[in-house]
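> no sequence on this one, just coordinates:
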């Protein structure tokens, strides 16, 4: 599915040439409701935590990437294909909503260092696999990055129904239809990086979650309830480098 270049609602987000093009595959959205008071201390100023149905939401998102390439360059073979796993929540700044990442683990050392240097994101080295298993996915990750808390994830998951695009106002829309990410730089300034893609081709899904201890970087314990689960088979994305976030 190619990236569409004429999505009026998102055109205003894009300024200057895009930095990266990539494909995201076999992605699982796992989300848990978390009390706002429990998660808010982990959000750096000047970002503000967003909520839906009176709760903040903490997400664990495993997937694999392909065709990762900078603008004007071709993909670089095996350097352009690797699993990734992120821990995230949702914030606002300057009248604009987006994703805040507590961590992003990846099975590609060069990608980890490049993303840390250019996007300012908390990427970490990990030993990972993402494999087809029947009609589903077997996924495992173990962080190997020095100087940060260990983190493990192991799950099997599969879609269980047809594609159902998220309705505006729904929880699925709040959790997934996000076209910006936020970072806070060393001077305490919010920076916003925008992305462009088609709406998520979400499907209902089921998951067997064997281990998930990703949340210690957020200082949060996952509630003992089943997560909200959605699956997406494939999406193609373009990303812009973060710039200073100001009122829109």
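Done, it's in. Computed from a prediction, not measured in an experiment: that's the story for all the values here.
> What segments of the protein are helices?
Secondary structure of the chain (DSSP state H): helices at 8-11, 36-39, 109-118, 171-176.
> winner for burial among the ones you listed?
helix 171-176 (a mean of 19; mean count of other CB atoms under 10 Å). Any C-beta I mention is one placed from the backbone N, CA and C, and that applies to glycine too.
> List the contacts of the spatially most distant residue from the centre of the chain.
Going by CA atoms, centre = their mean, the residue of the chain most distant from its centre is residue 134, 25.2 Å out. Applying CB atoms under 8 Å, 6 or more residues apart in numbering to residue 134 gives the contacts residue 158.
> And for residue 82?
64, 65, 68, 106, 107, 108, 111, 128.
> For the spatially most central residue of the chain, list each beta-bridge partner.
Closest to where the C-alpha atoms of the chain average out (CA atoms, centre = their mean) is residue 86, at 5.4 Å. Beta bridges link residue 86 to residue 61, residue 104 when assigned by DSSP bridges.
> got it, and residue 29?
Bridge pairing for residue 29 (DSSP bridges) gives the partners residue 230.
> cool, the one 5 residues further on as well?
Listed beta-bridge partners, residue 34: residue 56 (assigned using DSSP bridges).
> need the contact list for it.
Contact analysis of residue 34 by CB under 8 Å, 6+ apart lists 55, 56, 57, 58, 89, 220, 223.
> Roughly how far does the fifth one sit from residue 174?
To tie it back to what came earlier, the one meant is residue 89. In this view, residue 89 and residue 174 are 11 Å apart by CB to CB, to the nearest Å.
> With the first one instead?
In this structure, residue 55 lies at 11 Å from residue 174, with CB to CB as the measure.
> again with the fourth one
When distance is defined by CB to CB, residue 58 is 13 Å away from residue 174.
> what's the overlap in contacts for residue 89 and residue 174?
Residues touching both residue 89 and residue 174 by CB under 8 Å, 6+ apart: residue 57.
> what residue ranges in this protein score low on pLDDT?
Within the chain, the stretches with pLDDT under 70 are 1-15, 73-75, 77-78, 247-248.
> For stretch 138-147, buried residues please.
139, 140, 141, 143, 145 (16 or more other CB atoms under 10 Å).
> bridging residues for residue 203?
Taking DSSP bridges as the rule, residue 203 bridges to residue 231.
> for it, what are its contacts?
Residue 203 touches 159, 160, 161, 162, 163, 164, 230, 231, 232, 233, counting by CB under 8 Å, 6+ apart.
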